[in-house]
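Novice: Everything below, folded, please.
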Amino acid sequence: MSRDVRLFWCASASDALGTQASGVVLPLLLLGLGHSAAVVGLVAGVSTAAGLLLAPLAAVPADRGARKPVMFWSATVSALAMAGVTVAVAAGRPPLALLLGAVLVERFSTAVYEAAAAGTVAMIAPPAECPRVVAGLSAGDQGALILGPALGGALYQAARALPFLADAVSYAVAAGCVRALSSSLRPERCSDAGAAPEVEVDSGATAPAPTTRRPHPARRIREELGAGLALVRTSPFLRLVLIWTATVNGVIVALYYGAVFTLQKGGHGGAPMGLVLALSGAAGLAGSLAAPRIAGRIGAARLLVTVSWLLVPLAAGLATADGPWTYGALFGVFCLLMPLVGVVLQSRALQETPPGLQARTGAVLASAAGGSAALAPVLAGVCVTRVGTAAPAVVCAVVLAALAWRTTVVRSRLAEVTA
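Specialist: Numbering: from 1, shown residues only. This next block holds a predicted model:
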């Protein structure tokens, strides 16, 4: 493993650790301040949706060679935003508007970082190593899911501001790791990246061909912003990645917030939620590490269909869960299965995407997943408030059943695409 891969892994793992530490207690903080479940869901949804606005814009300079400075400064701004939350919470009872403003700034900056970071693996690792590096990054995220919630819950019990301080420090570490990278993270033929040179991919899709005349500036901006979307639209495999990841990502966020609301209603605090996510992270870590080997043995298409159906009863089972251990067990199996497909889809997506379109294509995929994640907590909060704590799990089970049915219907085509 090269030095840059290690540094990028450290940046990603540190970022994930801090995010998990603060994210697990933010809903509890808002609920403790007297806000309703619907308000908590709305804050989470608005903050996530806000970040989607900047991701496509940040992807253009990243693809044109500014990936490294964009990542560094966005991580720095996130660190400052979370430091502001730390001060506000430590000072007493912070108003909702102040918390929402700081969280929005952090979410904006994080979205910019993630958009710029998309495709970084392709810049620092050879194609043959991409699945292993992606699996390692996923394992780091899952490891943070084990330690982060437990750390956040423990820090929250000691002082409400400490989890947010830990998040601020994690962003500072990520910024330092990015700055230490020896690679400039510039794609090959960076001068042509904005024009999206025609590159054939296995799925049969091509990036837009270059033009001989310089287009109008407004048209050029639209073309650059839309180049990633055009590639996803014309690539069967990338469309598959978008639909599957967006759906499953929205489901897991909705199930998580459903669990938060249920456990909080039952009188449980931050420590039980840390336990739930720690168990889930341990299972996800195992799934991430095993994904390349399992996919190689049974085939990506069969694995995708099988996992899609297995997720349905797990989501339905959460409708009857009533304690941290039950939630932890069901979430654990859910998170064991998800990376088996996620690692395979992500690594293949990197190989399907030309170097000059990595950030923009990644922004499209991330926007779809982020859009579902933004809507999920809002719907979960409304369902819990108006129907009951079991409603989010029931709705998610129905959505996953529809996804599994669609995946089964197109299985023959998936076999060709993922072969």
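
Novice: I'd like the distance between the nearest residue in space to residue 44 that is not next to it in sequence and residue 39.
Specialist: Once flanking residues are discounted, residue 44 sits nearest to residue 377: 3.9 Å by C-beta to C-beta, 6 or more residues apart in numbering. Backbone N, C-alpha and C define where each C-beta goes, glycine included. Distance from residue 377 to residue 39, counting by C-beta to C-beta, to the nearest Å: 11 Å.

Novice: between these two, which one's more packed in?
Specialist: Set residue 377 next to residue 39 and count neighbours by other C-beta atoms under 10 Å: residue 377 wins out with 30 against 16.

Novice: Next, the buried residues of the strand or helix carrying that one.
Specialist: Following DSSP states H and E, one finds residue 377 within helix 358-386. Neighbour-count burial for helix 358-386 flags 358-385 (criterion: 16 or more other C-beta atoms under 10 Å).

Novice: from memory residue 117 sits against residue 71, does it?
Specialist: Yes: here residue 117 reaches residue 71: they are 5.7 Å apart, a contact under C-beta atoms under 8 Å.

Novice: Kindly provide the distance from the residue nearest to residue 88 when sequence neighbours are not counted to residue 87.
Specialist: Nearest non-adjacent residue to residue 88, counting by C-beta to C-beta, 6+ apart: residue 94, 4.0 Å away. Applying C-beta to C-beta, the value for residue 94 to residue 87 is 9 Å.

Novice: In terms of neighbours, single out the busier of the two.
Specialist: Set side by side, residue 94 and residue 87 give different neighbour counts by other C-beta under 10 Å, the larger being at residue 94 (20 against 14).

Novice: give me every residue that touches that one.
Specialist: When contacts are counted by C-beta atoms under 8 Å, 6 or more residues apart in numbering, residue 94 touches 33, 85, 88.

Novice: can you check residue 350 too?
Specialist: The neighbours of residue 350, taking C-beta under 8 Å, 6+ apart as the test, are 119, 121-122, 130, 134, 358.

Novice: any idea which helix or strand of this protein has the worst average confidence?
Specialist: Least confident helix or strand, the chain: helix 411-417 with a mean of 54, by mean pLDDT, DSSP states H and E.

Novice: hmm, back to that, isn't the residue nearest to residue 44 right next to residue 40, touching?
Specialist: Yes: with contact defined as C-beta under 8 Å, residue 377 reaches residue 40; the gap is 7.4 Å.

Novice: and for these two, which residues touch both?
Specialist: residue 257.

Novice: can you give me the helices in the stretch 51-200 of the chain?
Specialist: With DSSP state H, counting those that start in this stretch as the criterion, the stretch 51-200 of the chain has helices at 67-91, 96-117, 120-124, 130-158, 162-180.

Novice: which helices and strands does the shortest one pack with?
Specialist: Looking back up the chat, that one is helix 120-124. Applying 3 or more C-beta pairs under 8 Å, 6 or more residues apart in numbering; DSSP states H and E, we find helix 120-124 packed against helix 3-23, helix 67-91, helix 130-158.

Novice: picking that back up, out of the contacts of residue 350, flag the one nearest to residue 7.
Specialist: residue 121 (12.5 Å; C-beta to C-beta).

Novice: looking at it, the closest one is touching residue 137, isn't it?
Specialist: Yes: with contacts counted by C-beta under 8 Å, residue 121 reaches residue 137, the gap being 7.3 Å.

Novice: so what's in contact with the two at the same time?
Specialist: Residues touching both residue 121 and residue 137 by C-beta under 8 Å, 6+ apart: residue 8.

Novice: Is residue 296 within a helix or a strand, and which one?
Specialist: Element membership of residue 296 [criterion: DSSP H and E] is helix 270-298.

Novice: So which other helices or strands are in contact with the following helix or strand past that helix?
Specialist: Scanning forward in sequence from helix 270-298 by DSSP H and E, the next helix or strand is helix 300-317. Helix 300-317 sits against helix 236-265, helix 270-298, helix 324-352, helix 391-409, helix 411-417, with contacts defined as 3+ C-beta pairs under 8 Å, 6+ apart.

Novice: closest to residue 172 out of the ones you listed?
Specialist: helix 270-298 (22.8 Å).

Novice: Any chance of JSON lines for the helices and strands packed on helix 120-124, columns distance to residue 408 and mean pLDDT?
Specialist: Output for the helices and strands packed on helix 120-124, formatted as JSON lines (distance: least, C-beta to C-beta, whole Å; pLDDT from 0 to 100):
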{"stretch": "helix 3-23", "distance to residue 408": "33", "mean pLDDT": "88"}
{"stretch": "helix 67-91", "distance to residue 408": "38", "mean pLDDT": "90"}
{"stretch": "helix 130-158", "distance to residue 408": "25", "mean pLDDT": "79"}
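
Novice: right, so of those helices, which gets closest to residue 321?
Specialist: Closest among the helices and strands packed on helix 120-124, using C-beta to C-beta: helix 130-158, at 17.1 Å.

Novice: so that closest one versus helix 324-352, what angle?
Specialist: For helix 130-158 against helix 324-352, the angle by axes from the mean of the first three to the mean of the last three C-alpha atoms, to 10 degrees is 150 degrees.

Novice: remind me which residues of the protein are low pLDDT?
Specialist: Across the chain, the ranges flagged by pLDDT under 70 are 1, 45, 48-56, 58, 187-225, 263-281, 323-324, 411-419.

Novice: Spatially, what comes nearest to residue 304 if we skip its sequence neighbours?
Specialist: Once flanking residues are discounted, residue 304 sits nearest to residue 341: 5.4 Å by C-beta to C-beta, 6+ apart.

Novice: just residue 311 next, same as before
Specialist: residue 400 (5.0 Å).

Novice: any idea how far the one you found is from residue 251?
Specialist: In terms of C-beta to C-beta, residue 400 sits 6 Å off from residue 251.

Novice: so what's in contact with these two at the same time?
Specialist: Going by C-beta under 8 Å, 6+ apart, residues that sit against residue 400 and also against residue 251 are 311, 315.

Novice: which one of those two has more residues nearby?
Specialist: For residue 400 and residue 251, the more surrounded residue by other C-beta under 10 Å is residue 251, and the numbers stand at 25 against 22.

Novice: quick one: the residue nearest to that one when sequence neighbours are not counted from residue 257, how far?
Specialist: Spatial nearest neighbour of residue 251, excluding adjacent residues (C-beta to C-beta, 6+ apart): residue 396 at 4.6 Å. Computed as C-beta to C-beta, the residue 396 to residue 257 distance reads 11 Å.
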